[in-house]
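S.K.: 3D model of this:
(chains A and B)
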2 protein chains.
Amino acid sequence: MSVESKKFMSSVDVKARKLAAEKLAKAFEKVVEAILNGEEPKLVIPKRTLSNTIYDKERGLLLLGSATFERSFLDVREARKFMQTALMAKIIYEALINNEYPTIRDLYYRGKHSIRYRDHKGRTEEENTWDEQKESDAVLRDIEVYTGLLREEMLILSKEKGKVVGDMRIRSGDDVIDLSKMGHGAYAIEPTPDLIEFIDVNAEFVLVVEKDAVFQQLHRAGFWRKYKAILVTSAGQPDRATRRFVRRLNEELNLPVYILTDADPYGWYIYSVFRIGSITLSYESERLATPKAKFLGVSMTDIFGDKGKKPYLTEEERKNFIIKAKKADIKRAQELLNYEWFKTEKWQKEINIFLQKQSKLEIEALTGKGLYFLMDTYLPTKIQTQDFIE
Amino acid sequence: MSVESKKFMSSVDVKARKLAAEKLAKAFEKVVEAILNGEEPKLVIPKRTLSNTIYDKERGLLLLGSATFERSFLDVREARKFMQTALMAKIIYEALINNEYPTIRDLYYRGKHSIRYRDHKGRTEEENTWDEQKESDAVLRDIEVYTGLLREEMLILSKEKGKVVGDMRIRSGDDVIDLSKMGHGAYAIEPTPDLIEFIDVNAEFVLVVEKDAVFQQLHRAGFWRKYKAILVTSAGQPDRATRRFVRRLNEELNLPVYILTDADPYGWYIYSVFRIGSITLSYESERLATPKAKFLGVSMTDIFGDKGKKPYLTEEERKNFIIKAKKADIKRAQELLNYEWFKTEKWQKEINIFLQKQSKLEIEALTGKGLYFLMDTYLPTKIQTQDFIE
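M.R.: Numbering: from 1, shown residues only, chains lettered A, B, ... in the order given. Next comes the predicted model:
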């Protein structure tokens, strides 16, 4: 089956899985050696705890610190976790050499079964390898930090929401795709964006829009064509693939990245995930975050104005468009106020205006004012006058 | 601005909006005439109530009945609704002639403002045109049924989740897109799928997968290439564009459509939305539903077997993969049991097995068993032996 199925697979994947299988096997070589030598097998794994998550101010990234922990097979408290880690590595390795493309949900199912054993009194006992996906997901993360292989490199797939259009050619799999020839539709970004090759690009910046519906509008009105932009949507909280894709646009093509979200703590957090990474996945920031990404708007001073800055909304529009902040929004804003990476003058001001006015605004309020207001006034002015927050 | 912005717009849209603007204006001509003639303006609108929603067994569609209601301006109980309808029509018409692409959220913002008036005692009063999007959405639906124009025809956009790959060429906007050349990514379906032109197709059937992650796996393993399929995902509950796109594949290209969902009431409902339409949008079934769509699986008899049918799962696999149904699942299944369109022998059996076993299963349980099991055993066998439910 393996030869037969390879025929329908991209040559890029065939190469990628060979590399990953080798790296994965190598990472567990020491464990096998220890067992063969009659020594206790153990794994030394970087700690993925909050205390080992560090905000690197200089690089502008949330990173994993240098602390590690040991997981040894012969320790009763760790034997179960050791078994889970070895089981997960085995499942992934088999998937790689069998040309499979598991998802994290698959990996959970693939490993889930009962182990029968005898306890110290000789009674037969039964225990599940894992009961919930939460458990298998955590084990997968351990393997990512242990091997230095991201799950995408191990051809583990996931659902994807990110889309892109723009004057740019890429190679994905064995195809060349012209992202300026998507008609009214868009290109849905693949789950393994590291395998994409950038061929050529004719654009001056990247605009990432939180909302798919606004992306559709700007696309349809020809925004990216008129302003030489690569237009991306994360369709809500960005997934890993969209984050990696945006990072690569910034790093490899030197395109400035602007993020456009709703004016509320949820929107700010989307920006901060793009820019510095997320707390639970800090070990991936190094490759997924875009520390130079800029928050273009919608900002509180866009709504209410500032010294020397006229607001983009009239008083009448504010009355009609503004939504009163909920308690949860206020609480969230107070939390963000204390995050290290929001401790810049502009962000503190932004959050404090929000707390004072208790008001939020959706991007759609701006398209409600007029799509061409958003496209030909708001966005170009914001970019030209460098009116963004970092 | 209008000429300038048209340059960046597809010629398809320019034509579509001219047509819609004419039809919309024509539909309201009588109202204007009545006003000019000093008569009472009124609108006769088809009723969008449950009692006027009929399941047409012969055609296999949920349809709107023939009942209508009158909305007259001079009736105090209806004046507000009349005003809202006229306001919405005006906003849409202006958006059409100004080359805008509003979303339903936009329309809400565009219309939202306070109207000042004097009451019968001469006091100044204030009233909002509408307070919530629920209200403006309902008015938009009234306009759809009143004019016979779907919102997509009026260039009203929305967020879209549907994706497609397969050996097929389409024209969207001014571009020709080869859906077999999407690399590891996919083509994100546009919000106005009626404007797509099918150029040529080399496929034998359409497989619609509920879950994006499973779509990614089948795509990557080359399922559509090997089995000559058009592969679509709705990424959960299907949006209007995905439903219309699938309907067109079935109707215009004569391709059989198979739906693959989780084995649970939520999955069955996704199938039924594709096949017969949804209750709240019954006026659109005529164009959005695919009455010949077949539920390929995962079915209860796939899990547990049947007379003369071996189950696809072993007892051990059932033990590991099956999820216990929740109370809400049971309740939902009992509701579905009574829907007219689930009153076929096979569906009643399916639902009753579920109620008896109180068990559900995700598609990922099958990929957990092996992606090539799903791709090369389960799916081809189900299709070849016509083992589906209608």
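S.K.: pLDDT weak spots in chain A?
M.R.: Screening chain A residue by residue with the criterion pLDDT under 70, one finds the ranges A:1-5.
S.K.: 80 instead?
M.R.: A:1-7, A:279-281 (pLDDT under 80).
S.K.: domain ranges for it?
M.R.: If you go by automatic domain parsing, the domain ranges for chain A are A:2-154, A:163-384.
S.K.: among the ones you listed, which is the most enclosed?
M.R.: Mean neighbour counts were compared across the domains of chain A using mean count of other C-beta atoms under 10 Å in any protein chain shown; the top stretch is domain A:163-384, at a mean of 20. Glycine gets a C-beta too; all of them are placed from N, C-alpha and C.
S.K.: now the domains of chain A as JSON lines including distance to chain B?
M.R.: Supplementary listing: the domains of chain A in JSON lines, determined by distance: least, C-beta to the nearest C-beta, whole Å:
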{"stretch": "domain A:2-154", "distance to chain B": "2"}
{"stretch": "domain A:163-384", "distance to chain B": "2"}
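S.K.: which residues sit in contact with residue A:371?
M.R.: When contacts are counted by C-beta atoms under 8 Å, 6 or more residues apart in numbering or on different chains, residue A:371 touches A:217, A:218, A:221, B:100, B:101, B:102, B:106.
S.K.: please name the nearest non-neighbouring residue to it.
M.R.: residue B:100 (4.8 Å; C-beta to C-beta, 6 or more residues apart in numbering or on different chains).
S.K.: quick one: secondary structure of that neighbour?
M.R.: Per DSSP: H, G, I helix; E, B strand; the rest coil, the secondary structure class of residue B:100 is coil.
S.K.: hmm, it is touching residue A:372, no?
M.R.: Yes. Taking contacts as C-beta atoms under 8 Å, residue B:100 lies within contact range of residue A:372: 7.3 Å.
S.K.: got any residues that touch both of the two?
M.R.: In terms of C-beta under 8 Å, 6+ apart, residue B:100 and residue A:372 are both contacted by the residues residue A:221.
S.K.: which residue is the nearest non-sequential neighbour of the residue nearest the centre of chain A?
M.R.: Taking C-alpha atoms, centre = their mean, the centroid of chain A lies closest to residue A:240, which sits 2.9 Å from it. Here the nearest residue to residue A:240 in space, its sequence neighbours aside, is residue A:288; by C-beta to C-beta, 6+ apart that works out to 6.1 Å.
S.K.: again, but for residue A:172
M.R.: In space, residue A:172 comes closest to residue B:183 once its chain neighbours are excluded; the distance is 2.6 Å by C-beta to C-beta, 6+ apart.
S.K.: likewise residue A:336?
M.R.: residue A:342 (5.1 Å).
S.K.: could you do residue A:298 as well?
M.R.: Spatial nearest neighbour of residue A:298, chain neighbours left out: residue A:263 (4.1 Å); criterion: C-beta to C-beta, 6+ apart.
S.K.: what's near enough to touch that neighbour?
M.R.: Taking C-beta under 8 Å, 6+ apart as the definition of contact, the neighbours of residue A:263 are A:297, A:298, A:299, A:300, A:302, A:303, A:354, A:360, A:361, A:362.
S.K.: which residues touch the last one?
M.R.: This means residue A:362. For residue A:362, the residues meeting the contact criterion (C-beta under 8 Å, 6+ apart) are A:262, A:263, A:321, A:323, B:105.
S.K.: and what of residue A:61?
M.R.: Remark: with contacts taken as C-beta under 8 Å, 6+ apart, residue A:61 is in contact with A:55, A:276, A:277, A:285, A:286, A:289, A:291.
S.K.: helix or strand: which one has the fifth one?
M.R.: For residue A:286, the enclosing helix or strand under DSSP states H and E is helix A:282-288.
S.K.: now stretch A:263-272, how far from the centre of its chain.
M.R.: 14 Å (C-alpha atoms, centre = their mean, to the nearest Å).
S.K.: helices along the stretch 101-250 of chain A, start to end?
M.R.: Taking DSSP state H, counting those that start in this stretch as the criterion, the stretch 101-250 of chain A contains helices spanning A:104-111, A:133-147, A:212-220, A:223-226, A:240-253.
S.K.: these: which one's closest to residue A:95?
M.R.: Each of those has some distance to residue A:95 by C-beta to C-beta; the shortest is helix A:104-111, at 7.8 Å.
S.K.: contacts for that closest one next, please.
M.R.: Contact partners of helix A:104-111, identified using C-beta under 8 Å, 6+ apart, comprise A:84, A:87-88, A:91-92, A:95, A:102, A:129-130, A:132-133, A:136-137, A:140, A:151, A:156, A:158, B:213, B:217, B:320-321, B:362, B:364-365, B:367-369, B:371.
S.K.: residue B:315 is nearest to which of the helices of the stretch 101-250 of chain A?
M.R.: helix A:104-111 (15.8 Å).
S.K.: between the closest one and helix B:212-220, how many degrees?
M.R.: For helix A:104-111 against helix B:212-220, the angle by axes from the mean of the first three to the mean of the last three C-alpha atoms, to 10 degrees is 80 degrees.
S.K.: residues in contact with residue A:186?
M.R.: Neighbour list for residue A:186: A:163, A:164, A:165, A:215, A:219, A:233, B:187, B:188 [criterion: C-beta under 8 Å, 6+ apart].
S.K.: quick check: bridge partners of it?
M.R.: When bridges are assigned using DSSP bridges, the partners listed for residue A:186 are residue B:188.
S.K.: got a list of what residue A:51 touches?
M.R.: Contact partners of residue A:51, counting by C-beta under 8 Å, 6+ apart, are A:65, A:67.
S.K.: equivalent analysis for residue A:307, please.
M.R.: With contact set as C-beta under 8 Å, 6+ apart, residue A:307 has no partners.
S.K.: ramachandran angles for it?
M.R.: Backbone torsions for residue A:307, taken as degrees, to the nearest 10, come to phi -50, psi 120.
S.K.: which non-adjacent residue is nearest residue A:214?
M.R.: residue A:363 (5.1 Å).
S.K.: I figured that neighbour hits residue A:210, correct?
M.R.: Yes. Here residue A:363 lies in contact with residue A:210, judged by C-beta under 8 Å, at a distance of 7.0 Å.
S.K.: overlap in contacts, the two.
M.R.: A:260, A:261, A:262.
S.K.: in JSON lines, list those residues along with secondary structure.
M.R.: Written out in JSON lines, the entries for the shared contacts of residue A:363 and residue A:210 read as follows (three-state DSSP):
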{"residue": "A:260", "secondary structure": "strand"}
{"residue": "A:261", "secondary structure": "coil"}
{"residue": "A:262", "secondary structure": "coil"}
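S.K.: same list, those residues, but as TSV with distance to residue B:198 please.
M.R.: What follows is the shared contacts of residue A:363 and residue A:210, written out as TSV (distance: C-beta to C-beta, whole Å):
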residue	distance to residue B:198
A:260	34
A:261	37
A:262	37
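S.K.: surely residue A:41 is in contact with residue A:71?
M.R.: No. At 9.4 Å, residue A:41 does not count as touching residue A:71 under the criterion of C-beta under 8 Å.
S.K.: what sits in contact with each of these two?
M.R.: Both residue A:41 and residue A:71 are in contact with residue A:82, where contact means C-beta under 8 Å, 6+ apart.
S.K.: circling back: and the furthest pair within the contacts of residue A:61?
M.R.: Using C-beta to C-beta, the pair of those lying farthest apart is A:55 and A:286, separated by 13.2 Å.
S.K.: so residue A:32, which of the three states?
M.R.: Here residue A:32 is recorded as helix under three-state DSSP.
S.K.: strands of the stretch 201-350 of chain A, residue ranges please.
M.R.: Using DSSP state E, counting those that start in this stretch, the strands of the stretch 201-350 of chain A run over A:205-209, A:229-233, A:257-260, A:294-297, A:323-324.
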